[in-house]
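**Q** sequence-free structure coming up:
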């Protein structure tokens, strides 16, 4: 059995968790609040706790396969004694028997320990409200999906992110055009002039985020950016109480290519924005040099909502700090056809009316 940590209220013995509104640890049973700094010594003391040394011999059950053992972790809830199962990357969860929040301490030891964490600012209620707002006004959304939609699960998850800093020197070349048109009594003229634009310079990047979990879709995570790093604090496991959390399973070295892609794209966008007064600006060639590259490890707050419609699973994500909400929605094909026919009918009426008007003008003329 692996070691886990549970924060107990010294007043009533209930499990305490991080409260988004108070931005403190709070007991949901007696409402006692605790400053985050007061839990630092508690963290150190809990490291000295050890389990009872009790051994049993039994032949019941079969043996786990090696691939199963490698990806599974087993924990014992200190409140009810129930067994909590997680995978190799589960860092915080809740007991399935008593619901108490727990933190898997071994996931944050040594090199796995995050540098920073951005605490949740928005709670589960805000996540559900975000989904309803996301559904509102979608005319082609299936009515049953909107009216009878049930949310399968809502999870507040601390997602692991690598934050990359870098100094970039770039040489970029663009192909640009300027178009001038004029006309006389006989012709209309168009003149297109072509230019080769060269841009050189340096730009610094701070905390370029790259999702470090294979469980999270990279594009989905990028869609809920940005996160405001001003709210980041030094990591404490207490912030994870009451939420789910994963440690990274994509390390910093494996995340460099994605960071390079984001840095290069942003560099091109910034340099291209300096080309003013042209009708078109297209990249032709370029190269960048990255210096002083380094990475930090942080946990960012994300609400994940899953729902099912007609056997298909739909996943939504909300930034747990800013409330930015994203997610794909199904389209009611019957409603789409009706909408298209309605637009087509309206266009036909307008065309017919215009033809009648032109006939009348010609008749009167």
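**A** Now that the structure is in, tell me what you want to look at. None of the values given here were measured: they were computed from a predicted structure.
**Q** sec struct for residue 126, please.
**A** Look at residue 126: counting by DSSP: H, G, I helix; E, B strand; the rest coil, its state is helix.
**Q** which residues of the stretch 51-200 of the chain fall in strands?
**A** Here the stretch 51-200 of the chain has its strands, by DSSP state E, counting those that start in this stretch, at 72-76, 83-87, 90-94, 101-103, 116-117, 151-183, 188-211.
**Q** mean pLDDT, mean neighbour count and distance to residue 255 added to these, as CSV?
**A** All C-beta atoms are positioned from the backbone trio N, CA, C, and that covers glycine. As requested, the strands of the stretch 51-200 of the chain are exported to CSV (pLDDT from 0 to 100; neighbours: other CB atoms under 10 Å; distance: least, CB to CB, whole Å):
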stretch, mean pLDDT, mean neighbour count, distance to residue 255
strand 72-76, 64, 16, 24
strand 83-87, 61, 15, 20
strand 90-94, 67, 22, 18
strand 101-103, 67, 23, 24
strand 116-117, 92, 20, 16
strand 151-183, 91, 17, 5
strand 188-211, 93, 14, 4
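**Q** relative to residue 327, which of those is closest?
**A** When the strands of the stretch 51-200 of the chain are compared by CB to CB, strand 151-183 sits nearest residue 327, at 11.7 Å.
**Q** that closest one packs against which elements?
**A** For strand 151-183, the packing partners by 3 or more CB pairs under 8 Å, 6 or more residues apart in numbering; DSSP states H and E come out as helix 124-135, strand 188-211, strand 244-246, helix 252-272, strand 280-309.
**Q** most tightly packed of those?
**A** Comparing the helices and strands packed on strand 151-183 by mean neighbour count (mean count of other CB atoms under 10 Å), strand 244-246 ranks first with a mean of 23.
**Q** what lines up beside it in the sheet?
**A** Neighbouring strands of strand 244-246 in its sheet, by DSSP bridges, are strand 90-94 (antiparallel), strand 151-183 (parallel).
**Q** how about the ones you listed in CSV, adding distance to residue 311?
**A** Rendered in CSV, the data for the strands paired with strand 244-246 read as follows (distance: least, CB to CB, whole Å):
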stretch, distance to residue 311
strand 90-94, 28
strand 151-183, 12
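**Q** residue 22: which of these is closest?
**A** Shortest distance between residue 22 and these, using CB to CB, is found for strand 151-183: 15.7 Å.
**Q** need the residues that contact stretch 311-320.
**A** Taking contacts as CB atoms under 8 Å, 6 or more residues apart in numbering, the residues outside stretch 311-320 that touch it are 120-122, 126-127, 130-131, 134, 152, 156, 217, 220-221, 223-225, 227, 300-308, 324-330.
**Q** re the thing from before, put together JSON lines for the strands of the stretch 51-200 of the chain, with distance to residue 282 on each row.
**A** Formatted as JSON lines, the strands of the stretch 51-200 of the chain follow (distance: least, CB to CB, whole Å):
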{"stretch": "strand 72-76", "distance to residue 282": "51"}
{"stretch": "strand 83-87", "distance to residue 282": "46"}
{"stretch": "strand 90-94", "distance to residue 282": "45"}
{"stretch": "strand 101-103", "distance to residue 282": "51"}
{"stretch": "strand 116-117", "distance to residue 282": "39"}
{"stretch": "strand 151-183", "distance to residue 282": "5"}
{"stretch": "strand 188-211", "distance to residue 282": "10"}
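**Q** what's the closest of these to residue 281?
**A** Between residue 281 and the strands of the stretch 51-200 of the chain, the tightest spacing by CB to CB is seen for strand 151-183, at 4.7 Å.
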